[in-house]
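Q: dropping a prediction and its sequence here:
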Amino acid sequence: MHNRSPFFILPTKPTRMIAKMPLENFLIIDIETVSEKIDYYGLSSEWQHLWEEKVFRSLPENTAVADYYPQRAGVMAEFAKVVCISIGYFRRGREGNQFRVKSIFGEDELELLKQFISTVDQLEAVNKHWSFTGHNIKEFDIPFLCRRLLINGIAIPPYLDFQNMKPWETNMVDTFQYWRFGDYKNYTSLKLLAAALNVPSPKDDIDGSMVGDVYWKEKDLKRIAIYCQKDIVTVANIILRFKHQPLLTDEQVVFAK
């Protein structure tokens, strides 16, 4: 395990950690996922049965298991795949802060995941004090990535091996968890949190429920990547709000080609 500074603070004072962390230590990520098959009928008979077992208890009334597949398979790691990972980080320049954004996307999930690990390894070599940052990454993005890494035969790197970390070693900042302020009944979407903090909304094109159709029907991965990048910039601005700093200007955001 890498020697990391103990950035994880008990959630009694949820914004203290964010307030004290240097901007360069926030590694903001967001993933987009879709079902592995276009529909239920694309599954083998074995996997159809496994799907039925998976959703048996959660299946809404009057909904067929086949109809439920396109609605929910994309967020279940056993039945889904990652099609885009966006990464963003702050960098200080001569003219102030710069926020750099890179998206890794494609049809080949194995290659995509390898590129993601390679990119984070490069950042790790430069700065070992960063923390994964995002909205609801503790309950979705990070667990999903770890499951898909194992499914694809890729070893989980030390900086993602949260199950073997002590709480104070966990290199993760989750804006969803911090906004709860200990109220674990509360759910706040990224869109709502951005609106509450007067941060420009990222949802001006598609939303999460449309990603599957954009992938399978429109076959427009670039559109999905742009949507993912907007979420990254929104989270960066939420971090700046928590730190009582000005929001990013368009000129400060640099998208890697």
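A: Nice, thanks for sending it over.

Q: so where do the strands sit in this structure?
A: With DSSP state E as the criterion, the chain has strands at 26-35, 80-93, 96-105, 131-134, 172-174, 253-255.

Q: for residue 61, find the nearest of those.
A: With respect to residue 61, and counting by CB to CB, the nearest of the strands of the chain is strand 26-35 at 22.3 Å. Every C-beta, even on glycine, is put in place using the N, C-alpha and C of the backbone.

Q: tell me which other helices or strands that closest one touches.
A: Contacts of strand 26-35 with other secondary structure elements, assessed using 3 or more CB pairs under 8 Å, 6 or more residues apart in numbering; DSSP states H and E, are made with strand 80-93, strand 131-134, helix 142-151, helix 211-213, helix 221-242.

Q: most centrally placed residue in this structure?
A: What sits nearest the mean C-alpha location of the chain, by CA atoms, centre = their mean, is residue 30, with 2.7 Å.

Q: and it, what's its pLDDT?
A: Residue 30 is assigned a pLDDT of 97 by the prediction.

Q: next: residue 10.
A: Among the per-residue scores, residue 10 shows a pLDDT of 36.

Q: what of residue 174?
A: The confidence metric pLDDT takes the value 94 at residue 174.

Q: burial measure for the spatially closest residue to it that is not a sequence neighbour, as a count.
A: Leaving aside its chain neighbours, residue 174 sits nearest to residue 138 (4.4 Å; criterion: CB to CB, 6 or more residues apart in numbering). The criterion is other CB atoms under 10 Å. On that basis, residue 138 has 17 neighbouring residues.

Q: burial measure for residue 249, as a count.
A: Neighbouring residues of residue 249 were enumerated by other CB under 10 Å; the total is 10.

Q: for it, phi and psi?
A: phi -90, psi 160 (degrees, to the nearest 10).

Q: from residue 39, how far out is it?
A: For residue 249, the distance to residue 39 equals 43 Å [CB to CB, to the nearest Å].

Q: the residue nearest to the centre of the chain bridge partners, please.
A: Under DSSP bridges, the beta-bridge partners of residue 30 are residue 86.

Q: format the helices and strands packed on strand 26-35 as JSON lines; extra columns: mean neighbour count.
A: Listed next are the helices and strands packed on strand 26-35 as JSON lines, based on neighbours: other CB atoms under 10 Å:
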{"stretch": "strand 80-93", "mean neighbour count": "21"}
{"stretch": "strand 131-134", "mean neighbour count": "24"}
{"stretch": "helix 142-151", "mean neighbour count": "18"}
{"stretch": "helix 211-213", "mean neighbour count": "18"}
{"stretch": "helix 221-242", "mean neighbour count": "22"}
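
Q: make a markdown table from those and add mean pLDDT and distance to residue 68 to it.
A: Formatted as a markdown table, the entries for the helices and strands packed on strand 26-35 read as follows, by pLDDT from 0 to 100; distance: least, CB to CB, whole Å:
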| stretch | mean pLDDT | distance to residue 68 |
| --- | --- | --- |
| strand 80-93 | 94 | 14 |
| strand 131-134 | 95 | 27 |
| helix 142-151 | 97 | 19 |
| helix 211-213 | 93 | 13 |
| helix 221-242 | 95 | 22 |
